[in-house]
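S.K.: 3D, please:
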Amino acid sequence: MESFFKDKQRLTAYAMMLVIFIVVALFAPSEKVGYSAYSHLLDSSKGTIPKDMMVHYGAWTLLIPVVMFSFVLLTKSFLEAFIWSAFLSVFMRFRLDTIPAFTEEQIKVLLDYDNARMILLYFCIGSVLVAVSKGGGAKAFADWAKRKAKNSKVSLVIMWIMNVVLSIDDELSAFTTGTAITPLTDSYRIPREKSAFMIRATAVAPATLWPLGAWTVFIATLLESSGFASSGQGVTEYMKIVPFLFFPIILLIIALLVALGIISDFGKMRRAVERVKNGGPIAPIDSGKKWVMMQKLILKT
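M.R.: So this is what the prediction gives:
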């Protein structure tokens, strides 16, 4: 609790949430009946609410994503942001029935066939990824990379390739590449900021482009469950969108050009390179202090 009250940004985020909940309670529209009556009405009308019972929320619907992104920017906590924004959306609709409505809706989501299939599919993909990791596949690739890398450019290109190859799951890609290749880039005195840019730029982006990427499977399942794609055709329909995913495609190209030195370092990355050239440390100067503070917080909790 002590660390919570010392975190001014987190306190600001929760104060913001408190104010927004009060504003919503006082001024936002809500459903005309309670959650139980609403559920019964929805079941009896086969999923279609009568026009006289419909509530139009208008611009209030924009409040949910604004709150979510604001909370993320303040706290850097995505999970909390999703939970609070979901809770706020239920609160806006059902007010005093928020807790039973939120609980029942979560149960319905978990019992949904498409969602259950997606969870099981993630378990299957995750087991394969763990098997590859435990079996030493990533380490073997890293050992090969250390033998082949002759200079800093080659090491960055190998980092780019490894991230793309492992990008079935963006977290596995980032963690594995960071652990395996960072010592190699450190040996060529490449700033940690530049290594971090290369890892993040090439970890998530390919996962949205591969047919078996974790994000592809997730979005494909959403397409099927929402009726935009027939059962079993979600990935096929999603792949039709891939040529128009300009951001991840451009990000991959930029990362490769940075690795090759065609695009010069920019922003904080350029300042980090200058720091290392001037004899400074590879890691940010205050990173050690932050690491020690984080370890102390973990030990306290």
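
S.K.: Can you give me every residue that contacts Y38?
M.R.: E31, F94 (Cβ atoms under 8 Å, 6 or more residues apart in numbering). For the C-beta atoms, the positions are set from N, CA and C on the backbone; glycine is no exception.

S.K.: repeat that for 6 Å
M.R.: E31 (Cβ atoms under 6 Å, 6 or more residues apart in numbering).

S.K.: next one: K32
M.R.: Residues near K32 by Cβ under 6 Å, 6+ apart: M53.

S.K.: So it, which state does it fall into?
M.R.: coil (DSSP: H, G, I helix; E, B strand; the rest coil).

S.K.: That one and I20, how far apart?
M.R.: Per Cβ to Cβ, to the nearest Å, K32 is found 23 Å from I20.

S.K.: Repeat that for A37.
M.R.: A37 is 26 Å from I20, by Cβ to Cβ.

S.K.: So if I had to pick from those two, which one is more boxed in?
M.R.: Neighbours per residue (other Cβ atoms under 10 Å) separate A37 from I20, with I20 holding more: 21 against 13.

S.K.: ok, and the closest non-adjacent residue to that one?
M.R.: Among residues not flanking I20 along the chain, V67 sits closest, at 5.9 Å (Cβ to Cβ, 6 or more residues apart in numbering).

S.K.: what's the answer for A25, then?
M.R.: R95 (6.8 Å).

S.K.: you'd agree that neighbour is up against S30?
M.R.: Yes: here R95 reaches S30: they are 5.3 Å apart, a contact under Cβ atoms under 6 Å.

S.K.: Please save the CA atoms from stretch 75-92 in CSV.
M.R.: Below are the C-alpha coordinates for stretch 75-92, written out as CSV (Å, rounded to 0.1, in the frame of the first residue of the first chain):
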residue,chain,number,x,y,z
THR,A,75,0.0,3.6,-15.0
LYS,A,76,1.5,1.5,-17.9
SER,A,77,-0.9,-1.2,-16.7
PHE,A,78,-2.9,-2.7,-19.6
LEU,A,79,-4.7,-5.4,-17.5
GLU,A,80,-6.0,-2.9,-15.0
ALA,A,81,-7.1,-0.5,-17.8
PHE,A,82,-9.1,-3.3,-19.5
ILE,A,83,-10.7,-4.4,-16.3
TRP,A,84,-11.7,-0.9,-15.2
SER,A,85,-13.0,0.2,-18.6
ALA,A,86,-15.1,-3.0,-18.8
PHE,A,87,-16.4,-2.4,-15.3
LEU,A,88,-17.2,1.2,-16.3
SER,A,89,-19.1,0.1,-19.4
VAL,A,90,-21.3,-2.2,-17.3
PHE,A,91,-21.7,0.5,-14.6
MET,A,92,-22.9,2.9,-17.2
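
S.K.: Can you point out the buried residues in that stretch?
M.R.: Residues of stretch 75-92 classed as buried: T75, E80, A81, W84, S85, F87, L88, S89, V90, F91, M92 (neighbour count, 16 or more other Cβ atoms under 10 Å).

S.K.: how about JSON lines for those residues, with distance to L41 and pLDDT added?
M.R.: Formatted as JSON lines, the buried residues of stretch 75-92 follow (distance: Cβ to Cβ, whole Å; pLDDT from 0 to 100):
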{"residue": "T75", "distance to L41": "37", "pLDDT": "88"}
{"residue": "E80", "distance to L41": "33", "pLDDT": "90"}
{"residue": "A81", "distance to L41": "31", "pLDDT": "91"}
{"residue": "W84", "distance to L41": "28", "pLDDT": "93"}
{"residue": "S85", "distance to L41": "26", "pLDDT": "93"}
{"residue": "F87", "distance to L41": "23", "pLDDT": "94"}
{"residue": "L88", "distance to L41": "23", "pLDDT": "95"}
{"residue": "S89", "distance to L41": "19", "pLDDT": "93"}
{"residue": "V90", "distance to L41": "17", "pLDDT": "94"}
{"residue": "F91", "distance to L41": "20", "pLDDT": "96"}
{"residue": "M92", "distance to L41": "18", "pLDDT": "95"}
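
S.K.: do you know how far Q233 is from D112?
M.R.: Distance, Q233 to D112, using Cβ to Cβ: 18 Å.

S.K.: isn't S89 right next to L62, touching?
M.R.: No: at 11.7 Å, S89 does not count as touching L62 under the criterion of Cβ under 6 Å.

S.K.: Show the backbone phi and psi for E31.
M.R.: phi -60, psi 150 (degrees, to the nearest 10).

S.K.: In terms of pLDDT, where does the closest residue to it other than its chain neighbours sit?
M.R.: Computed as Cβ to Cβ, 6+ apart, the closest residue to E31 that is not its neighbour in sequence is R93, at 5.1 Å. On the pLDDT scale, R93 is placed at 93.
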